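Visitor: Sequence and predicted model, in that order:
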Amino acid sequence: MRTDSSPLSETKKCVNHGCGSTFTEGTNSDKACRYHPMAPIFHETIKRWPCCDSKSDDFDEFLRIAGCTVGFHRTKTNGTNLSQAQQPSSDCPLKSSDITSQSALPAATEAASAVSPSNTAARSSKPTFQNESSTAKQQVEIIEEPDDPLDAVIEPGAKCLHSFCSAVFSGDSSRTEPCVYHPGIAVFYEGSKYWSCCRPRAGEFEEFLKIPGCKTGRHKFLKSGAPTDPNFVECRRDYYQLGDQMCVCVYGKNMNPKSSSVTYCTQSVKIDIQFLNGKTYSAFIPLFSQIVPEACTHEWLPTKLEIKMKKCHPGPWTKLESEEPISTN
């Protein structure tokens, strides 16, 4: 029997930033790949694609930023060993109106299928990034939070907080099923990317995402100290800085602004949100530095609460929250 070994039917993996999908020569075309032509940049808490200046403080949201350029799939970086029909000059940037949020790196999903018992996507939902300049010469202390109580009230659809795991809570079986994750932090230093908790290193961002978790335990769906009120819901929160402003976003739908509030103090902010379905969310955030309460503003939008706090002293904050006790005055 003759086996078809035509190069046109051979399955290959695209290495364009933000793609990672598989393709064949027969399906490759100048519009087959949607990708980022430049490698991502991580600085402090901001993750950015420099080619289109799309950025996010949240790693999960960053991975969903769609590519800004369309062109041929590639099998090697720097334009070498391109597929037969590929012409790099035909690649063209997309208009900003054409860019929508999508799962940007499906290549990471394949790594998870080999290590995750529930075959969940292999990418971190909320990892912490740190430049090695502050950790390269000393061992990084790994502090793990306690497991969720087995009788804890967990909202269906809640995401696992462990790095490298994106499992969601689907019932009591999710409380005890194994979770493969990284307990450490992600470190990016001089082109090398690795997890502080294990040895494997990667030079490329996509390869870093494929480093399998080094520890097996239980999923963690609740932050430590989260209220046990059955009406309480966890809301995703992130932040970014704009000059003399520190901006915090709390994500959720159907918020009721009339019964919700945001209270500003000199070095803290308290958030109380009531939802139309009776659910609640509250958070007290001790801030890294002082703000000007009377100059702070917030806006209730359809899918989030956006808070803009005026910094008392100019200059960037290295983080949002203070680790020291803060007065509420």
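Guide: Cool, the structure landed.

Visitor: just the strands in the stretch 201-329 of the chain please.
Guide: For the stretch 201-329 of the chain, the strands defined by DSSP state E, counting those that start in this stretch cover 201-202, 215-218, 237-242, 245-251, 261-265, 268-274, 280-286, 297-300, 304-310.

Visitor: Now tabulate these in CSV and tack on distance to Leu161 and mean neighbour count.
Guide: In this view, the C-beta of every residue, glycine as well, is placed from N, C-alpha and C. As requested, the strands of the stretch 201-329 of the chain are exported to CSV (distance: least, CB to CB, whole Å; neighbours: other CB atoms under 10 Å):
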stretch, distance to Leu161, mean neighbour count
strand 201-202, 23, 16
strand 215-218, 11, 15
strand 237-242, 12, 17
strand 245-251, 15, 19
strand 261-265, 24, 17
strand 268-274, 19, 19
strand 280-286, 15, 17
strand 297-300, 26, 14
strand 304-310, 20, 19
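
Visitor: I'd like to know which of the ones you listed is closest to Val70.
Guide: strand 201-202 (26.4 Å; CB to CB).

Visitor: List the neighbouring strands of that closest one plus their orientation.
Guide: strand 192-195 (antiparallel) (DSSP bridges).

Visitor: for Val175, helix, strand, or coil?
Guide: For the record, residue 175 is Arg, not Val. helix (DSSP: H, G, I helix; E, B strand; the rest coil).

Visitor: Can you tell me the closest non-neighbouring residue to it?
Guide: Leaving aside its sequence neighbours, Arg175 sits nearest to Leu150 (CB to CB, 6 or more residues apart in numbering; 5.8 Å).

Visitor: burial count for that neighbour?
Guide: 9 (other CB atoms under 10 Å).

Visitor: quick thing: my sequence starts at 857, can you match it?
Guide: I'll keep to 857 as the first residue from here, and by that count the last item is Leu1006.

Visitor: Using the three-state scheme, assign it.
Guide: coil.

Visitor: quick one: contacts for Thr880?
Guide: By CB atoms under 8 Å, 6 or more residues apart in numbering, Thr880 lies in contact with Leu864, Ser865, Glu866, Thr867, Lys868.

Visitor: can you pick the most crowded of those residues?
Guide: Lys868 (16 neighbours).

Visitor: Now do the contacts for Met1111.
Guide: Contacts of Met1111 by CB under 8 Å, 6+ apart are Ile1129, Gln1130, Phe1131, Leu1132, Trp1156, Leu1161.

Visitor: Adding distance to Thr1174, write those residues out as a markdown table.
Guide: As requested, the contacts of Met1111 are exported to a markdown table (distance: CB to CB, whole Å):
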| residue | distance to Thr1174 |
| --- | --- |
| Ile1129 | 27 |
| Gln1130 | 33 |
| Phe1131 | 33 |
| Leu1132 | 37 |
| Trp1156 | 29 |
| Leu1161 | 24 |
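
Visitor: What is the most widely separated pair among these?
Guide: Longest span within the contacts of Met1111, CB to CB: Leu1132 and Leu1161, 14.1 Å.

Visitor: Which of the residues in stretch 889-909 are classified as buried?
Guide: Across stretch 889-909, burial judged by 16 or more other CB atoms under 10 Å covers 889-893, 896, 898, 901, 903-905, 907-908.

Visitor: farthest-separated two in the residues you listed?
Guide: Cys889 and Thr901 (29.4 Å).
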